[in-house]
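Asks: Structure of the sequence below:
(chains A and B)
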There are 2 protein chains.
Amino acid sequence: MDALFTEIIAIVGGQHLLVGDDVHARRDDWMQAAPCRARAIVRPADAEQLSRVMAACHRARQPVVTHGGLTGLVRGGVASPDELAISLERMNQIDAIDPISSTLTVQAGTPLQRVQEAAAEASMQFALDLGARGSCTIGGNIATNAGGVRVIRHGMMRDQVLGLEAVLADGTRVSSMNHMLKNNAGYDLKQLFIGSEGTLGIVTRAVLKLQPQQLAMQTAMVACETFSDLTALLQFVRKTLGDQLAAFEVMWHSHYALLTEESGRHAPPLATDAAFYVLIETLGNDQDTTAQRFEAAIETAFENGHINDAVIASANHQRERLWAIREDIEGLLCHLNPRFTFDISLPIPEMDHYVRTLEQQVIQRWPDGRVVVFGHLGDGNLHVTIATGNADDDTKLAVETLVYTPLAAMGGSVSAEHGIGLDKRRYLHVSRTPAEIALMHTLKKALDPHTLLNRHKVLPDAAP
Amino acid sequence: MDALFTEIIAIVGGQHLLVGDDVHARRDDWMQAAPCRARAIVRPADAEQLSRVMAACHRARQPVVTHGGLTGLVRGGVASPDELAISLERMNQIDAIDPISSTLTVQAGTPLQRVQEAAAEASMQFALDLGARGSCTIGGNIATNAGGVRVIRHGMMRDQVLGLEAVLADGTRVSSMNHMLKNNAGYDLKQLFIGSEGTLGIVTRAVLKLQPQQLAMQTAMVACETFSDLTALLQFVRKTLGDQLAAFEVMWHSHYALLTEESGRHAPPLATDAAFYVLIETLGNDQDTTAQRFEAAIETAFENGHINDAVIASANHQRERLWAIREDIEGLLCHLNPRFTFDISLPIPEMDHYVRTLEQQVIQRWPDGRVVVFGHLGDGNLHVTIATGNADDDTKLAVETLVYTPLAAMGGSVSAEHGIGLDKRRYLHVSRTPAEIALMHTLKKALDPHTLLNRHKVLPDAAP
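Replies: The predicted model follows:
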C-alpha cells in the first residue's frame, strides 16, 4: 500500500478507504451500468477529515472526483483508474433549522428529500424539487446548480443557498456560512462553488433558504393551437396568477401524442390534435381564493382565445394523472430507443422556429427519425429527444451538430440545467465565447493550479 | 501631455478626456463636498472604447476608478491624484425590451429610474428600488449588489441580473449576455462582477429580469410591544400574505419617537409608547382580493396579540405619510449631528439582544449618547445611527468597535447592502475569515494582477 493510502487511513480509518471489489461493486454514473473504476473511494466523516484528505492528495498530486448522489446526466461523477473518488455519503446530517430566519443548515451529503421533509416538519418548505429527490444530495444540487420543476417560481439551486463551506484543492477549508439574506461584506465567494461542478472546490455544508409552506395547489392541462397562443398564455398567467404560478410545463404535440394515443401508456385527458399542451400549476396558502383565482384565469384564457381546450384537476389523483404524462421519461425512453437526449435553453421567442427547423432537418436526413420535445417553457428550457434508429458515434455527432449549432447565433445554451460534465465539454464553445472560456481557465488555474479536482470536467483542456 | 493621454484621446476624442478644472468641478463622493482629485476623467462612448482605454491603461500600469452615479455610501468612487476616473455616463441607453422573455438589455451608465420607467411603459416592472433611483446607475447597482426596500420580495440586484458584459483590467471584453433563466454551460462568470465593487472588472452592459406589474398596493403601520411579538408577526405575515409581502420595515421606538413627537417633523399615526413600529406593504394584481387579504391578516394579527395598534392607509397620501416617517433620513441626520451611521446584518433572533446591549454600552460611555435603529427586518438588515456629541477619530473608532465587534460571534455582517469601499475595509475581518479573505486575494490577483481596478477598495492590502 502506498504512502498516500496509509496517510488517508490514518485520517478516516481503514473501513472508510474502499479499494478493489468494494470500489468495483459501485457505479459512478446513473446512466451507465459500468462499475466504478476509481483507484479507491474515500469516505470522510466531516469537513475536517476531508480537509486533511485533500491536503494529503495535494501533496501527492493525487487527482480526485467528488461523489454525491450520482444522479447527474453528464457523466460528472465518472472516475478513471488513476483518480480517487471522494464520497460525501457519511456527511448527511441536518445541523439546524431556524424558523425565524427561515434557514436550514445541512451537510452536503444529505439527500434533497430529507431536506424537503425536515422543512415540511417545521411547517415551511424547501423550494428545489426534481425527480431524483430521493437520491441526489444537497452538495450535488449546489455543485450542479440544479433546476427542476419549480424554477419559474423560486429560481434554481443558486437562489436557495445563503452560505456554504467548501474545501479547496489544497485542503484549505473556506467557511462562508452566511445565514442572512443581505451580506455585502466582500466578494460573494459561495458563487464560485455553485454550478462549477466540483472543479473549484468540494462543498461540505450549506445554509439554505426556506419558504413559507404553500399547501393550496391547483393544476390544469390546457391545449394551444399555435406558439403565439402559447406565449400569450404564458404572459397572461404570469400577470394574472403572479407569484402563485409554480409550473408552466409545455409538451409539444410530439410528446403528448406519443405518451397517450401512440404508446397507449396514458389515457389522453384532452384530444390529441393540438400543437401544444401545457401543465399549469399554482401554489397558494388559501384553498378557496387560490381555486377561484385559478379557475377565473383559465376561463379568461379561453375567452381570449389563448387556449382551446382545458381540464382542471379536481382531486389529487387527477393531478397525478396529468403530471404522469409529462413525467413519464421511462415511457419516452423505451419508445424511442436508441435515442439521444438534450437539455438546452434558448430565448422563448426563438423556440418555435428552432424546433420546426430541427424536425425538418432530422426528417430530411433520417426519414424515420423522431423529434420529441417538452420543457420548462417559462425558464427557456427545452428537453429534446431524438431517435434516428441508430446510436453510433457518427450519428451522435451528426445529431449533436443539428441540435447545438443553431444555438450559438441565438445566445442559447447547450446545458440549461444538467451541467457540462464530461459529455458536453466539446460543445461549451457553442454557448460561451473564447474570452469567457479563457476567464474560466483563469479561475480554474487560480483555485486548482495542479488540476486535482474533477479533471477534464466542464472545461476543455487548457492550451499548453 | 503624456503618451497615455495622447493614446486615450485618440480613442475617445479630446472632449471626453477631462483634466484640470473640469475634473475638480466634479465631486466623486455623495457624502463629502470635496472636489474630485483624479488625474483625469475619461468618458468612453461604448464598451469597445472602454476596452481600448483599459488596454492602454494596462500597458501604462495606470490605475483607474470607475464612476457610475456616485451615490455610494462607503467612498467607493473616491479617486486619488494618481488615479484615472472612468465615467460611464455616456453609456446610458436601454438597448432592448423583450416582453415574452421578460428581459431588458441596458448599458451600465443608465440610471435605475430610467429602467423602472421603461419596464412600466412595457406593462412590467423592474424589482430593484432604492432612494437614489434618479441618480444611481445600473452598473453601480450591479457592482455594489444594491439592496433597497423590496429585497424581502424580489431579492437584491444579484437576483435581477441574467447576463452582463464586463471589461477586465487588461482590456479584455468578456460578454456573458445570457438572456435565459437557466444556463448551466460552464462557470457563471457574471457572479464575479456582481458585488465586487469594480475591483475585478468594469460592467458595461446587462440583461435584467423583469417582473409582472403589480399595481394593487396595501400599506399599514402597526405597533408591537415586544421583539418576540415582532418576529411572530413576521412569520405570520410571511405565511399569510405569501409572496405578496413586499415590505416589512421596522422602526425601533428610538426612530419613531424621534421623527414624530420629539422632532415634530411628522404627526404620529400611532401612539408613541410602543417598542416597535412596522410598515407592512403588499403588492398584488387585483385591488379587491389584495385588500381583503391584507385587512384580514392585520385583523388576525390583532386577535393573536402580535400587534396592539394599527393603521391601514386608505389612500395614497396616507401611504406616503406613513412611509415619510420611515424614509426621513434627512430628519434623522439633522437631529443627530454629528453622528455615525451603520448598515449591518445579523441573524434576526439575535437582534433584540444586540440592540439593547449596544444602547447600554453607548449610554454607559456617553451618558447623552443616542442610538437610533430602523431596518429591513425580514432581510436581517439594520441601519443604526449613533450620536455621542463628538465626531473625532477616537470617538469614531470607539463607536465602530462597539457596533462591529459583537457581530463576529453571531455571524453578522459589517455591510448588509452598502458594500465595503474604502470605509469598511479595516472591518472586513469581522465578517469574513482569514481563509475567505485569502481566497478573495487569490481572485483579485488572478483577474487584476497589477491592481489597476479600484485600488485599496474592498480588500485589505495584501501581505507583501
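Asks: How about the secondary structure of residue A:237?
Replies: Secondary structure, DSSP: H, G, I helix; E, B strand; the rest coil: residue A:237 is helix.
Asks: That one contacts residue A:296, doesn't it?
Replies: No. Look at residue A:237 against residue A:296 with Cβ atoms under 8 Å: they stay out of range, at 11.4 Å. The way it works is simple: take the backbone N, C-alpha and C, and place the C-beta from them, glycine included.
Asks: Settle it for me: which of the two has more neighbours?
Replies: When neighbours are counted by other Cβ atoms under 10 Å in any protein chain shown, residue A:237 and residue A:296 differ, and residue A:237 comes out ahead with 26 against 13.
Asks: where does the more buried one sit relative to residue A:306, distance-wise?
Replies: Residue A:237 sits 9 Å away from residue A:306, taking Cβ to Cβ, to the nearest Å as the criterion.
Asks: Please apply the same query to residue A:32.
Replies: 43 Å.
Asks: So which residues on the stretch 351-464 of chain A come close to chain B?
Replies: Residues of the stretch 351-464 of chain A lying near chain B by Cβ under 8 Å from any Cβ of the partner chain: A:376, A:378-381, A:411-420, A:424, A:428, A:431-433, A:435-440, A:442-443, A:445-447, A:458-459.
Asks: Would you map the strands across the stretch 1-150 of chain A?
Replies: For the stretch 1-150 of chain A, the strands defined by DSSP state E, counting those that start in this stretch occupy A:17-18, A:40-42, A:64-67, A:84-87, A:94-98, A:103-107, A:124-125.
Asks: actually the stretch 201-350 of chain A, not the one I wrote
Replies: Going by DSSP E, counting those that start in this stretch, the stretch 201-350 of chain A shows strands at A:202-209, A:211-212, A:216-224, A:245-252, A:276-284, A:309-312, A:340-345.
Asks: Next one: the third one, is it in contact with chain B?
Replies: No. Against chain B, strand A:216-224 shows no contacts by Cβ under 8 Å from any Cβ, the least distance being 10.0 Å.
Asks: Can you name the residues in contact with that strand?
Replies: A:230, A:233, A:246, A:269-271, A:274-287, A:290-291, A:294-295, A:298, A:301, A:306-313, A:318-319, A:322-323, A:325 (Cβ atoms under 8 Å, 6 or more residues apart in numbering or on different chains).
Asks: The residues you listed also near chain B: which ones?
Replies: A:284-286.
Asks: which residues touch residue A:50?
Replies: Contacts of residue A:50 (Cβ under 8 Å, 6+ apart): A:44, A:86, A:88, A:91, A:167, A:202, A:204.
Asks: Top of the ones next to chain B among the contacts of strand A:216-224 by number of neighbours, please.
Replies: Counting neighbours by other Cβ under 10 Å, residue A:284 comes out on top of those with 23 neighbours.
Asks: Look up how far residue B:212 lies from that one.
Replies: Applying Cβ to Cβ to residue A:284 and residue B:212 gives a distance of 16 Å.
Asks: now residue A:7
Replies: Taking Cβ to Cβ, one finds residue A:7 at 57 Å from residue B:212.
Asks: Between those two, tell me which one has more neighbours.
Replies: residue B:212 (19 against 16).
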